[in-house]
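**Student:** Got a sequence here, can you build the structure:
(2 chains)
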Protein chains: 2
Amino acid sequence: MTAESPADLRARCTRFLPGHGPLTARRWLEALAASPHLDLRPDEYNEGPAIALLERRCAELLGKPAALFFHKGVVAQQGALLVHGARTGQLTVALHPKAHIACDESDAIERLTPLRLCRVGPDHRPFTPGELAAVTDPLAAVSLELPLRRAAFQATGWEDLEAIAGWCRDRGVPLHLDGARLWEVQPWLDRPLAAIAALADTVYVSFYKGLGGLGGCVLAGPEDVIAATRVWRARFGGNLFTAWPLVLSALDGLDRHLPRMGLYHRHARAIAEALQGVPGLRVSPGIPQCNSFQILWDAPPAGLEQALTDLARDEGVWVGGRVGGTTVPGWSFTELAVGEATLGWTPAEVAELCARMLERVPR
Amino acid sequence: MTAESPADLRARCTRFLPGHGPLTARRWLEALAASPHLDLRPDEYNEGPAIALLERRCAELLGKPAALFFHKGVVAQQGALLVHGARTGQLTVALHPKAHIACDESDAIERLTPLRLCRVGPDHRPFTPGELAAVTDPLAAVSLELPLRRAAFQATGWEDLEAIAGWCRDRGVPLHLDGARLWEVQPWLDRPLAAIAALADTVYVSFYKGLGGLGGCVLAGPEDVIAATRVWRARFGGNLFTAWPLVLSALDGLDRHLPRMGLYHRHARAIAEALQGVPGLRVSPGIPQCNSFQILWDAPPAGLEQALTDLARDEGVWVGGRVGGTTVPGWSFTELAVGEATLGWTPAEVAELCARMLERVPR
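**Tutor:** Below you'll find the model as predicted:
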């Protein structure tokens, strides 16, 4: 017998802690069939009324003149940075060493474009305005991930954001926001989405994280900059024959999940607070800055993985996906993104569940 | 009042000549809901049982050890050519000047990769073995589009294919087949798919042309070559969160349309023969080599476009999409891909329809 994959095991679970619950094609079809936009003509090669509606809604929410749909964030962001580079005549992009672009895309930006990276700040928190100001290389752009997933979903605070935006503006350096989780961090920043986006020249937002869509994203910014990214979208394979399932589910996500981001954030804070009281557990950051945070376990990664698997198999409860190691020997971490499924658990229940998990870890 | 777009106009039509008929989200949802594979766990980041089934079925059909799903052909093909280039230590890819890679992707291959193109043969027909043999540049690969869409869907014949494959093999040059319409040309080549694919090292096949899927494709070839293309898929934005709608519709296309490719080809030949008898019309090639061919009209492009639009508006009949110009002044062309919708028309009806179109052209 071959071992069951984590994804197979998860599919057999009956209770789910993270996100919006399990992914099944039937469930997606029901959601798509209920879309109020179902009778809009499907997009073909990125043109059509539903995709135009999605772009318009995002442009309005973000207070930008133009927005363009992309099938994948890596393409939207490389497109934006290539256009900024062409305009500034520079090739160096400043970003955080643990930014998604810098560490999760198999070095795509350096293998497929002439751009080079200048890494700013330490791994465990966002860079400060002072750290950025110490950069002396002429820059094509600054790319700022907000919040920074690999640094426990920590976000640059409002004052630092304003200082960074001012520094960029004073030097004519375009500022790009990697807003994969911008919807999710907005309640913590406590400013309208458009006020946050106004700090930057271009903003990327994702549809398949907190918004619960099938995939895709939008890049928003000035008309001419966005128009110039179209050809890069095509070159990177973004001229999908049709993307209507992604587009309808993104529209649905804006209706359904965007108004609940404050609720998800409050629930994340309450759960984090409850977890702080469990011996052998910590959370990072101490007070979550969006719907997601890291749970840190006084247990080695292999042991924690075993405990997660055992719990899923024995009780049909899915606590989380990947387990990561930390620089503290014997400690590991998981991520918890709070969504509709998580709302079904009280903070005390989550604390009890995690304590039980720790007990299961083979010693 | 703004003018109605061709796509809007098409959406209001009631009869369709080309392809498999109109694209509506409701129609797609019905098809997906009827898939026998609906209860397979959806893929996540290109992993899952449905996507594995699709890759396995394609590998078997094409007689190759491995196959990998991609969201878009431009990525599959650039990935294959990059891997061939890394193995040969060369950067020059020989291909036809009107190959899709060379003329339809905004120079993606030359803007995003270190590869360079060496264009072989004249625009109006596939290159011959002799024309390829005249190339003296050391090659990373030969990429052969079969059939060649921009040359009226003409295909290299079997003897020439064998000669080209032999020339490549003798020189240690990898041969890549751009088989966007390989399923469609198989009846004309009259060899099993695996026998055709055996001529080449890597083969790309598409799911959203004759197979009628939502999108996506597969690259097939040796285990190690295919494994090496995975990282390029990620770099080009191919790690979709989920592609299950594409995957299910591709499996459905293999079940539904692949066995009918011979039927579509025969109907294309019968229609082409009927059109030859209409004054002011020609077809290219004279005998279609797959389900698709060009209809050439003794009418300037703007006039023909007007006639197509008028017919769609007045009679609700959709004859075709884009009109192209030719190098013969006063002549234009459209493409006809024969699919399920086309089967609803007899060749005589199509000839009558096209004759009526020509009469409508403003003189």
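**Student:** Where does the prediction get shaky in chain A?
**Tutor:** A:1-3 (pLDDT under 70).
**Student:** A:Arg363: how many residues sit nearby?
**Tutor:** Counted with other Cβ atoms under 10 Å in any protein chain shown, residues neighbouring A:Arg363 total 6. C-beta coordinates here come from the backbone N, C-alpha and C atoms, glycine included.
**Student:** Would you quantify the distance from it to A:Gly280?
**Tutor:** As for A:Arg363, its distance to A:Gly280 is 11 Å (criterion: Cβ to Cβ, to the nearest Å).
**Student:** who touches both of these two?
**Tutor:** Both A:Arg363 and A:Gly280 lack any common contact, where contact means Cβ atoms under 8 Å, 6 or more residues apart in numbering or on different chains.
**Student:** need the strands for chain A, in chain order.
**Tutor:** Using DSSP state E, the strands assigned to chain A run over residues A:15-16, A:66-70, A:92-95, A:116-119, A:141-145, A:175-179, A:202-206, A:217-221, A:281-284, A:292-297, A:317-318, A:324-325, A:332-337.
**Student:** Pairing partners for the first one, with directions?
**Tutor:** For strand A:15-16, sheet partners with direction are given as strand A:317-318 (parallel), following DSSP bridges.
**Student:** now do the last one
**Tutor:** As defined by DSSP bridges, the strand partners of strand A:332-337 come to strand A:292-297 (antiparallel), strand A:324-325 (antiparallel).
**Student:** Adding mean neighbour count as columns, could you present those in TSV?
**Tutor:** TSV is the format used below for the strands paired with strand A:332-337 (neighbours: other Cβ atoms under 10 Å in any protein chain shown):
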stretch	mean neighbour count
strand A:292-297	24
strand A:324-325	14
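**Student:** what would those strands look like in a markdown table with distance to A:His20?
**Tutor:** Output for the strands paired with strand A:332-337, formatted as a markdown table (distance: least, Cβ to Cβ, whole Å):
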| stretch | distance to A:His20 |
| --- | --- |
| strand A:292-297 | 13 |
| strand A:324-325 | 22 |
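**Student:** Tell me which of the strands of chain A sits nearest to B:Thr309.
**Tutor:** Across the strands of chain A, B:Thr309 has its closest neighbour in strand A:66-70 (27.4 Å, Cβ to Cβ).
**Student:** for the closest one, packing partners?
**Tutor:** Counting contacts by 3 or more Cβ pairs under 8 Å, 6 or more residues apart in numbering or on different chains; DSSP states H and E, strand A:66-70 packs against helix A:49-62, helix A:73-88, strand A:217-221, helix A:223-235.
**Student:** Give me whichever of those is most buried.
**Tutor:** strand A:217-221 (a mean of 29; mean count of other Cβ atoms under 10 Å in any protein chain shown).
**Student:** what sits up against that one?
**Tutor:** Here strand A:217-221 makes contact (Cβ under 8 Å, 6+ apart) with A:54-55, A:58-59, A:62, A:64-70, A:72-73, A:76-77, A:79-80, A:180, A:197, A:201-207, A:226, A:229.
**Student:** Only alpha carbons, please: show that strand as CSV.
**Tutor:** The C-alpha trace of strand A:217-221 is given here as CSV (Å, rounded to 0.1, in the frame of the first residue of the first chain):
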residue,chain,number,x,y,z
CYS,A,217,-5.2,38.6,-10.0
VAL,A,218,-5.3,42.2,-11.1
LEU,A,219,-2.6,44.8,-11.6
ALA,A,220,-3.8,48.4,-11.0
GLY,A,221,-2.1,51.7,-11.8
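**Student:** and it, which strands flank it?
**Tutor:** In the sheet, strand A:217-221 lines up against strand A:66-70 (antiparallel), strand A:202-206 (antiparallel) (DSSP bridges).
**Student:** Now do it against helix A:73-88, angle only.
**Tutor:** Per axes from the mean of the first three to the mean of the last three Cα atoms, to 10 degrees, the angle that strand A:217-221 makes with helix A:73-88 is 20 degrees.
**Student:** can you give me the offset of strand A:217-221 from its chain's centre?
**Tutor:** 14 Å (Cα atoms, centre = their mean, to the nearest Å).
**Student:** what's the angle from that strand to helix A:49-62?
**Tutor:** 50 degrees.
**Student:** tilt between strand A:217-221 and helix A:223-235?
**Tutor:** Using the same axes, to 10 degrees: strand A:217-221 against helix A:223-235 is 150 degrees.
**Student:** quick one: contacts for the residue in the stretch 251-363 of chain A positioned nearest to chain B?
**Tutor:** Closest to chain B within the stretch 251-363 of chain A is A:Gly321: 9.8 Å, counting by Cβ to the nearest Cβ. A:Gly321 sits next to A:Pro6, A:Arg10, A:Pro18, A:Thr334, A:Glu335 when contact means Cβ under 8 Å, 6+ apart.
**Student:** Can you tell me which of these is closest to A:Asp160?
**Tutor:** Nearest to A:Asp160 among the contacts of A:Gly321, counting by Cβ to Cβ, is A:Glu335 at 23.6 Å.
**Student:** Compute the distance between the spatially closest residue to A:Leu199 that is not a sequence neighbour and chain B, please.
**Tutor:** Excluding the flanking residues, the one nearest A:Leu199 by Cβ to Cβ, 6 or more residues apart in numbering or on different chains is A:Ala165, at 4.0 Å. Distance from A:Ala165 to chain B, counting by Cβ to the nearest Cβ, to the nearest Å: 28 Å.
**Student:** Would you mind confirming that A:Ala165 makes contact with A:Leu175?
**Tutor:** Yes. If you go by Cβ atoms under 8 Å, A:Ala165 and A:Leu175 touch, sitting 5.8 Å apart.
**Student:** Quick one: residues contacting the residue nearest to A:Leu199.
**Tutor:** Here A:Ala165 is in contact with A:Leu175, A:Leu199, A:Ala200 (Cβ under 8 Å, 6+ apart).
**Student:** Looking at neighbours, which among those is most surrounded?
**Tutor:** Highest neighbour count within the contacts of A:Ala165: A:Ala200, with 28 neighbours (other Cβ under 10 Å).
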